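J.: Test case, fold it:
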Amino acid sequence: MPKWMKWIDAVKIQTDNPEISVWTLKSGIWKFDWKSRMLRVIPRQIIEWESIDGLPNRGAIRFYDRHGSSTIKLTVAYAIPGILGKVMDNLFLGNMVKSTIQADMNRFREYALQIQSQIKSKDIKS
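T.: Just a heads-up that it's a prediction; the model follows:
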C-alpha cells in the first residue's frame, strides 16, 4: 500500500495473526502508528477493518464487478489526533485528508491497471 498511498509509510502483517496489521502514517514532521484488525473479508467484494490500538479509524473498501472493469467504493472514519486538532483547522484537515485519499485511489487505479497489463503480457507469452 505504500506504493500508492501518499501518507502510508509501512504496513506490516503480524505473522502470528494475519488478521492484525501494524500501520505507520508519515507526513512531514508527523508520524502515527496503529494496529488494525480485519473484521470481514469477502474475496473480490469487501475488506472491512477497524483500528484496535493507536490512531482511531475504521472503514471498508468494496469492489464491484462491472464486467470488464471494476468500481471501488472506500468508506473511512477516523479521529483527528489531539495534537493535530490543536494546531490545524479541522475542516481544512478533513478536506486535505479527503483529497489525499482521492489521489491515493487514483494511484491505486493506475497501479492495478499496470499489474493487470503485466499479467496479460505474461499470459500472451505463455
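
J.: What segments of the protein are helices?
T.: Listed in chain order, the helices of the chain (DSSP state H) span residues 82-87, 90-125.

J.: In the longest one, which residues are buried?
T.: Translated: helix 90-125. Ile101, Asp104, Phe108 (16 or more other C-beta atoms under 10 Å). Any C-beta I mention is one placed from the backbone N, CA and C, and that applies to glycine too.

J.: Okay, now the unreliable bits of this structure?
T.: Under the criterion of pLDDT under 70, the regions of the chain flagged as low confidence span 1-2, 81-92, 126.

J.: So what are the sheet partners of the lengthiest strand in it and their directions?
T.: Using DSSP state E to assign secondary structure, the strand with the most residues in the chain is strand 30-42. Neighbouring strands of strand 30-42 in its sheet, by DSSP bridges, are strand 20-27 (antiparallel), strand 46-54 (antiparallel).

J.: still on that earlier bit, can you redo the helices of the chain as JSON lines, where the extra columns are distance to Ser21?
T.: Listed next are those as JSON lines, based on distance: least, C-beta to C-beta, whole Å:
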{"stretch": "helix 82-87", "distance to Ser21": "22"}
{"stretch": "helix 90-125", "distance to Ser21": "17"}
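
J.: Done for today, thanks.
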